[in-house]
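**Student:** Need coordinates for the following:
(2 chains)
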Protein chains: 2
Amino acid sequence: MFYCNFISLQILYCNIGNPQSLGQQPITFFREVLALCDHPTILDKSETQGLFSADSIERAWKILDQIPGRATGAYSHSQGIKGLRDEIAAGIAARDGFPADPNDIFLTDGASPAVHMMMQLLIRSENDGIFCPIPQYPLYSASIALHGGTLVPYFLNEATGWGMEVSELKKQLEAAQSKGITVRALVVINPGNPTGQVLAEDNQREIVEFCKKENLVLLADEVYQENVYVPEKKFHSFKKVARSMGYGEEDIPLVSFQSVSKGYYGECGKRGGYMEVTGFSADVREQIYKVASVNLCSNISGQILASLVMNPPKVGDESYDSYLAEKDGILSSLARRAKTLEDALNSLEGVTCNKAEGAMYLFPRIHLPKKAIEAAEATKAAPDAFYARRLLEATGIVVVPGSGFGQVPGTWHFRCTILPQEDKIPAVVSRLTAFHQAFMEEYRD
Amino acid sequence: MFYCNFISLQILYCNIGNPQSLGQQPITFFREVLALCDHPTILDKSETQGLFSADSIERAWKILDQIPGRATGAYSHSQGIKGLRDEIAAGIAARDGFPADPNDIFLTDGASPAVHMMMQLLIRSENDGIFCPIPQYPLYSASIALHGGTLVPYFLNEATGWGMEVSELKKQLEAAQSKGITVRALVVINPGNPTGQVLAEDNQREIVEFCKKENLVLLADEVYQENVYVPEKKFHSFKKVARSMGYGEEDIPLVSFQSVSKGYYGECGKRGGYMEVTGFSADVREQIYKVASVNLCSNISGQILASLVMNPPKVGDESYDSYLAEKDGILSSLARRAKTLEDALNSLEGVTCNKAEGAMYLFPRIHLPKKAIEAAEATKAAPDAFYARRLLEATGIVVVPGSGFGQVPGTWHFRCTILPQEDKIPAVVSRLTAFHQAFMEEYRD
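**Tutor:** Below you'll find the model as predicted:
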């Protein structure tokens, strides 16, 4: 444990979307099934009945029967185990009200490798551009850089709750084209990271229309699909939005990324995830499969978990009540924490924070006094990095400066997760408030 | 199940190193520990004592205590959980008799991502070359191609049991340099894939000396380190060989790849592995860490399993006897299968097969009659691909043509695993023998 400055302060990690590292407990049913699939020889022992729920045992048998030879230690098909993809496709269809095809699912070790795969395929040279929101989750900038492409930014509009604006997209597209960049795809993160907004359905339709018109692959990062905290907003997948606009498979190339790391499950360490790939030609599909097969397959526990999060216990199952209580407990607590932190941030002098609608983050804007900016420059730090460092030193609270995600030049932000356990939130609020007041006093113009 | 031609023949998969898909059972102790770490709430229940060995329970507690917050569902350090790296480093030190540093260990989802990471870092442009053995495991050619580099081949000498020859290395190095290629690293696979040889220690010393002299990074694929079947050969890690020659950390940059997919464990589906990285500057280490951190971390079950294979039960542990019986049962059966298949292949007209010393493969050479080569050409197939296809159609046996791995031009081979369960080996031998005789009759010159 790292202690701060003069006082011994426990570090409060608000920097990474890693819920279980901060005490969030895994969903019991999911872990029961994983344990049984890891060690199936206990499945028919009598003691197992006393230790595991009946439906976890039943589900484990079902999953084992979906695996050729019940071999959970074998490489699977490079897209993932077919029976698990069937369950995921059924889960997507139930979520969206539109059909999903198991052959469109590629299971991966978390969402990151799926993003890399698509970048690998989309980027041919530095003249290929990928539209990314600013602020963005740095996986995208890193992956584009690693694959030698060009990140084409579009700025989210903080004033409209981090909405996307087609006028901005058009402006940036023209600017890129004038530099000889061929923009091939558009990344959208919904719910947003680091910005925490949930896109309005109208806004999603505009994006679909734009991609359709400009022949862009729509790369939809939908890993926070279960993390929506306000009653007036709902998650809609981009595939559902496109289909409900009447666009079919052949009309728009669309990739949706999902992960077991987020949602109410928060199983970051399991590295499970998938992408659903629709609207590509058979040739391109062949190439995606080829790239997927270079690493043989994703880890089977992660594959199983991805099928579980898309097909959790149902009404009538023995685990249903406890599953629901665990899930609702986590999500309603996250919603309370989001609101408390949002309010606390908005009560600070010179800080404005958009509504915490979804995901796991707040991205407040800090209006720093000129003296603070000069003090930062004197230490060769970005002003928000300077603020974040001072915050850490004074309080033990770790946040990520906005400059790590990109922001409108001359504005300053930080990303703060809503993940500290609820009993820690008052300490986050009081320490942050006291620090901010002192900081503003110190640097008041 | 796919059935052949006219007769209903069960497919016999001899194409992929995927032991558990063919019925090899996992090591019980490893799976007990994984299940307990997946669902730790059962650890202190009384029924658990009846279902799990005492040392698996003890080990699970120990591992949980090595994980911050006991959170097996959290992202770990991007190199992997420190306590597990400690165990792996201790295992390497015990294996080699030379110290190993946990800070040199990078845990990865199987060995493949580790190889990609190193290629990512080594290859700057198509003018950067990576020495690869021919025949080679196609992960290397794929990874070099994906990262835009140039594969510089060196041919293994079939006549000396697939030995490496420094004269060949020198010749190919000069040839590459004359084309403007900067050769940056040398890949060596020991025990060999697809060739199944175990390098003699003298040969390893020559390779170390060559890399040292030519300033090459030595990339040692050592994933088959537990798969040695002949008493006269022993596995020596390249690090051990280098250190025993007096070369220290600073003298030679060396990466060793290990995986949970091979050995007697064969846990392909778990995607666990690591690389041990020594002899690089702090700058380069920083870059390796940066690339590792893009995907956050490897899966925790795979990390745990990697620590278990490098630190299995010891004398006196409750599981030791059963562990040893399972391990020896698998390895001695693999050795018998290897020998039976090697002898059967060598008894075939026009087939020569080097000794099956290690790994999981045989790579026999087939001297095809001219008429067979012409028949292959008429179907636009490589002669060994033609042979493999005819073999599959006639017998249900799946092998991989040598052309998939590379071979001396004008020679023809196939790779055949030794992995079908022992009761299937007589069928492999008799079907293969009958097919080969008929094939040779059909195409005799």
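**Student:** Next up, the contacts around A:Trp61.
**Tutor:** A:Leu43 (CB atoms under 8 Å, 6 or more residues apart in numbering or on different chains). C-beta: built from backbone N, CA, C; applies to glycine.
**Student:** rerun at 10 Å
**Tutor:** A:36-37, A:40, A:43-44, A:70 (CB atoms under 10 Å, 6 or more residues apart in numbering or on different chains).
**Student:** Now rank those residues by neighbours and give me the top one.
**Tutor:** When neighbours are counted by other CB atoms under 10 Å in any protein chain shown, A:Leu36 leads these with 28 neighbours.
**Student:** I'd like the distance between the spatially closest residue to that residue that is not a sequence neighbour and chain B.
**Tutor:** Distances taken as CB to CB, 6 or more residues apart in numbering or on different chains put A:Ala60 closest to A:Leu36, at 3.6 Å, once the chain neighbours are dropped. Distance, A:Ala60 to chain B, by CB to the nearest CB, to the nearest Å: 11 Å.
**Student:** where's A:Ala60, which helix or strand?
**Tutor:** In this structure, A:Ala60 sits in helix A:54-66 according to DSSP states H and E.
**Student:** Could you give the separation of that helix from the chain centroid?
**Tutor:** When distances are taken as CA atoms, centre = their mean, to the nearest Å, helix A:54-66 is centred 29 Å away from the chain's centroid.
**Student:** Stretch A:225-237 too?
**Tutor:** How far stretch A:225-237 lies from its chain's middle: 13 Å, per CA atoms, centre = their mean.
**Student:** what about it, near chain B?
**Tutor:** No: judged by CB under 10 Å from any CB of the partner chain, stretch A:225-237 and chain B are separated, with a smallest distance of 15.4 Å.
**Student:** List the contacts of the residue lying closest to A:Gly396 once chain neighbours are set aside.
**Tutor:** Take A:Gly396 and drop its neighbours on the chain: the residue closest to it by CB to CB, 6+ apart is A:Leu9, 3.8 Å away. Going by CB under 10 Å, 6+ apart, A:Leu9 touches A:2-3, A:392-397, A:427, A:431.
**Student:** what mean pLDDT would you report for whichever helix or strand comes after the helix holding A:Ala60?
**Tutor:** Proceeding N to C from helix A:54-66, the next assigned helix or strand is helix A:82-96, under DSSP H and E. Throughout helix A:82-96, pLDDT has a mean value of 98.
**Student:** list the helices and strands the following helix or strand past helix A:82-96 packs on?
**Tutor:** Where DSSP H and E defines the elements, the next helix or strand beyond helix A:82-96 is strand A:105-108. In this structure, strand A:105-108 makes packing contacts with helix A:82-96, helix A:111-122, strand A:254-259, strand A:273-278, helix A:282-294, helix A:300-309, judged by 3 or more CB pairs under 10 Å, 6 or more residues apart in numbering or on different chains; DSSP states H and E.
**Student:** Would you list the strands that strand A:105-108 pairs with, along with their directions?
**Tutor:** Partners of strand A:105-108 in the sheet, by DSSP bridges, are strand A:273-278 (antiparallel).
**Student:** one step back: what residues are up against the residue nearest to A:Leu36?
**Tutor:** A:32-40, A:42-43, A:48, A:52, A:72, A:304.
**Student:** In PyMOL, how would I select just the buried ones from those?
**Tutor:** In PyMOL, this line selects whichever of those come out buried by 16 or more other CB atoms under 10 Å in any protein chain shown:
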select buried, chain A and resi 32+33+34+35+36+37+38+39+40+42+48+52+72+304
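**Student:** Just the closest of the contacts of A:Ala60 to B:Phe439, please.
**Tutor:** A:Thr72 (38.2 Å; CB to CB).
**Student:** measure the closest one to B:Ala394 for me?
**Tutor:** A:Thr72 sits 33 Å away from B:Ala394, going by CB to CB, to the nearest Å.
**Student:** Next, count neighbours for the closest residue to chain B within the stretch 101-250 of chain A.
**Tutor:** As assessed by CB to the nearest CB, chain B sits closest to A:Ser112 within the stretch 101-250 of chain A, at 4.4 Å. When neighbours are counted by other CB under 10 Å, A:Ser112 registers 21.
**Student:** A:Gly69 is in contact with A:Ile81, correct?
**Tutor:** No: with contact defined as CB atoms under 10 Å, A:Ile81 does not reach A:Gly69; the gap is 11.6 Å.
**Student:** So for the two, which sits in the more crowded spot?
**Tutor:** Neighbours were counted for A:Ile81 and for A:Gly69 using other CB under 10 Å; A:Ile81 has more, 24 against 13.
**Student:** who touches A:Ile63 in this structure?
**Tutor:** Going by CB under 10 Å, 6+ apart, A:Ile63 touches A:33-34, A:36-37, A:40, A:70, A:72, A:81, A:83-84, A:87, A:300, A:303-304, A:307-308.
**Student:** Using the three-state scheme, assign the spatially most central residue of chain A.
**Tutor:** Closest to where the C-alpha atoms of chain A average out (CA atoms, centre = their mean) is A:Val223, at 4.0 Å. A:Val223 falls in the coil class when you classify it by DSSP: H, G, I helix; E, B strand; the rest coil.
**Student:** so what's it closest to, chain neighbours aside?
**Tutor:** Using CB to CB, 6+ apart, the nearest residue to A:Val223 is A:Ser259, at 4.2 Å.
**Student:** same thing with A:Gln79?
**Tutor:** Among residues not flanking A:Gln79 along the chain, A:Phe106 sits closest, at 5.0 Å (CB to CB, 6+ apart).
**Student:** can you give me the helices in the stretch 151-300 of chain A?
**Tutor:** In chain order, the stretch 151-300 of chain A shows helices spanning A:166-178, A:201-214, A:238-244, A:282-294, A:300-309, with DSSP state H, counting those that start in this stretch as the criterion.
**Student:** and the shortest one, average pLDDT?
**Tutor:** Taken as a whole, helix A:238-244 has an average pLDDT of 98.
**Student:** What is the burial count for A:Ser244?
**Tutor:** 16.
**Student:** From A:His236, how far off is it?
**Tutor:** 8 Å.
**Student:** Give me the common contacts of those two.
**Tutor:** Shared contacts of A:Ser244 and A:His236 (CB under 10 Å, 6+ apart): A:96, A:201, A:204-205.
**Student:** Among those, the buried ones, what's the ChimeraX command?
**Tutor:** Buried residues among those (16+ other CB under 10 Å), as a ChimeraX selection:
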select /A:96,204,205
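**Student:** Done for today, thanks.
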